[in-house]
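**Student:** starting from these lines, generate the structure:
(4 chains)
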Protein chains: 2
Amino acid sequence: MKVSQAVEWGLHCAILLAQVPGDSPLRREVLARHYDLPEAYLSKTLQAMTRAGVLQATPGPRGGYRLAGPAERLTALEVVEAVEGTAEPFTCQEIRQRGLAAATPEECKRPCTVNSLMFQAHQAWRETLRTVTIADLVSRVPHSIRARNRRLLAG
Amino acid sequence: MKVSQAVEWGLHCAILLAQVPGDSPLRREVLARHYDLPEAYLSKTLQAMTRAGVLQATPGPRGGYRLAGPAERLTALEVVEAVEGTAEPFTCQEIRQRGLAAATPEECKRPCTVNSLMFQAHQAWRETLRTVTIADLVSRVPHSIRARNRRLLAG
DNA sequence: GTACCGGTACTCGGATATAGTATGTCCGAGTATGCGTGG
DNA sequence: CCACGCATACTCGGACATACTATATCCGAGTACCGGTAC
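**Tutor:** Residues are numbered from 1 along each chain as shown, chains lettered A, B, ... in the order given. The predicted structure is shown next:
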């Protein structure tokens, strides 16, 4: 089990976009330079976030990315799932229905206990991310860094 | 993010081993046939569980695998981490220290907020798995299946 | 002076290579057993 | 009859291929702007 590094990028970008004064968009190149990320690949992540409705992309001159909604209403979970997708990390192969001890369809009306447990664990994970918004994360960034960002994003 | 299918195999095998009457070990081939799994690959999973101390392996005739301890003391988390490893699924790249807005070492004494959040989410996931033992999972298996297993494992 | 039109430069979006990891398979190392042999 | 030693068959363990996904990159599609031109 491994979380894509693109998740880190996506969250940091969302946090940064939430600090942009006014409503001016940020170009992809600016985001990439800000954290020294490969711009071409970052493109893929921002794309996914846009498709998921987390970001709003504007093409053409004076274009770029901005948050699709207020940071107070955008949860970390939405960002993470925008990047990683919403597929369950554990997919039950229903091996209980195979082999010598194959369970009958009758016995499988209730979901597999292993499947239930893993699902429950994933729900706990999601719940943790759902209770935190991007605005919360911004407020946890040290003031000195926020000040520096304000200066960089203004110019 | 994706959980290896080997986790499903490992948990099911642990649950099955907990149902073995007496203390006789189960051969790899028996486990594989029970769920119609590729024996050669299942080997890798059982190996990992043995290395982690979840299973005890006995070579030679009349050998096989058995649980290293009582099912009541073996948590699902231990099994999962035995198979998947204990590495954090989210590894912070510390991108806040790079690029134009690079944070100073002084500002990085506290861990990155993104890192903290993802860590916290993972802890919630682990906690869910830690509160459930293999014995619990056995008790959730339908009686008809348990009876069938008892019969199969006796012969 | 104003409105329209076309060219241009800039932005994102998706199709295309590469690398690393999960998946799948094989053969060799080690051990308890069972038989044969000697006392 | 009993004890010892050896060959054997059986078990797991780790080294070796393959397939898929995450990573990384490029070039093309679309859009707003800006200048020129006609009215």
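
**Student:** so residue A:99: helix, strand or coil?
**Tutor:** Here residue A:99 takes the coil state, with states given by DSSP: H, G, I helix; E, B strand; the rest coil.

**Student:** how about the residues of chain A by DNA strand D?
**Tutor:** Within chain A, the positions adjacent to DNA strand D are A:4-6, A:38, A:40-41, A:43-44, A:58-63 by C-beta under 7 Å from any atom of the strand. Quick note: C-beta positions are derived from backbone N, CA and C, even for glycine.

**Student:** could you check stretch A:90-98 against chain B for contacts?
**Tutor:** Yes - residues of stretch A:90-98 are located near chain B by C-beta under 8 Å from any C-beta of the partner chain, namely A:90, A:91, A:92, A:93, A:95, A:96, A:98.

**Student:** can you pull the pLDDT of the closest residue to residue A:70 other than its chain neighbours?
**Tutor:** Of all residues not flanking residue A:70 in the chain, residue A:135 sits nearest, at 7.7 Å (C-beta to C-beta, 6 or more residues apart in numbering or on different chains). Among the per-residue scores, residue A:135 holds a pLDDT of 98.

**Student:** residue A:135 - how many residues pack around it?
**Tutor:** The number of residues packed near residue A:135 is 15, by other C-beta atoms under 10 Å in any protein chain shown.

**Student:** that one is in what secondary structure piece?
**Tutor:** For residue A:135, the host element (DSSP states H and E) is helix A:134-139.

**Student:** ok, and what's touching that helix?
**Tutor:** Residues from elsewhere that reach helix A:134-139 (C-beta atoms under 8 Å, 6 or more residues apart in numbering or on different chains): A:11, A:14-15, A:18-19, A:67, A:70-72, A:74-76, A:79, A:146, B:113-114, B:117.

**Student:** buried stuff in it?
**Tutor:** Buried residues in helix A:134-139, counted by 16 or more other C-beta atoms under 10 Å in any protein chain shown: A:134, A:136, A:137, A:138.

**Student:** hmm, residue A:71 is touching residue A:132, no?
**Tutor:** No - counting by C-beta atoms under 8 Å, residue A:71 stays clear of residue A:132, with 11.4 Å between them.

**Student:** show me where chain A has its strands.
**Tutor:** Under the criterion DSSP state E, chain A contains strands at A:55-58, A:64-67.

**Student:** give me whichever of those strands is most buried.
**Tutor:** Mean neighbour count (mean count of other C-beta atoms under 10 Å in any protein chain shown) peaks for strand A:64-67 among those, with a mean of 21.

**Student:** got a list of contacts for it?
**Tutor:** Identification of contacts with strand A:64-67 by C-beta under 8 Å, 6+ apart yields A:13-14, A:17-18, A:20, A:23-28, A:30-31, A:46, A:50, A:54-58, A:74, A:134.
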